[in-house]
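Engineer: here's my sequence, what's the structure:
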Amino acid sequence: MSGPEFLHLATTISLGLLTVSLLLTMYRIVVGPSLPDRILALDMLVAVVIGYIVVIAIRTGFMLYLDIAIALGLVGFLSTVAFARFIYQRWEISRSAQEESREEARE
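Structural biologist: Have a look, this model is predicted:
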């Protein structure tokens, strides 16, 4: 097997595995069961899409796709941090509401 044939086979197998990963990730996004699970699945979805972009860049030889993958990685990281902050603020609000209700029950 020559080098180009092996590269074509490797990229084909990679695309198949990434497709399976994409389907499993989409299942986790739909099913959940909780908001943090869905956020982690969205982060995983970004990683899978980056994988697709990199494999397509290798297969086509058009390396501009790698810049797109890097930009998508940065946006994915920032969105994950924003979602985590949202969950934390939601948790803080519910915790403070529980503490207030406990204080009112004591009085």
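
Engineer: so how far is Ile56 from Leu66?
Structural biologist: For Leu66, the distance to Ile56 (C-beta to C-beta, to the nearest Å) stands at 10 Å. Every residue, glycine included, has its C-beta placed from N, CA and C.

Engineer: with adjacent residues omitted, what lies nearest to the residue most central in space within the chain?
Structural biologist: Nearest residue to the geometric centre of the chain (C-alpha atoms, centre = their mean): Asp43, 1.7 Å. Sequence neighbours aside, Thr80 is the residue nearest to Asp43 in space, at 4.7 Å (criterion: C-beta to C-beta, 6 or more residues apart in numbering).

Engineer: residue contacts, the one you found?
Structural biologist: 39, 42-43, 46 (C-beta atoms under 8 Å, 6 or more residues apart in numbering).

Engineer: which residue ranges of the protein form helices?
Structural biologist: Assigned by DSSP state H, the helices in the chain fall at 3-31, 35-60, 64-106.

Engineer: deepest of the ones you listed, which one?
Structural biologist: Stretch with highest mean neighbour count among the helices of the chain: helix 35-60 (a mean of 16; mean count of other C-beta atoms under 10 Å).

Engineer: now stretch 96-103, how far from the centre of its chain.
Structural biologist: Relative to its parent chain, stretch 96-103 has a centroid offset of 35 Å by C-alpha atoms, centre = their mean, to the nearest Å.

Engineer: ok, now stretch 79-99?
Structural biologist: Stretch 79-99 has its C-alpha centroid displaced from the chain centroid by 20 Å (C-alpha atoms, centre = their mean).
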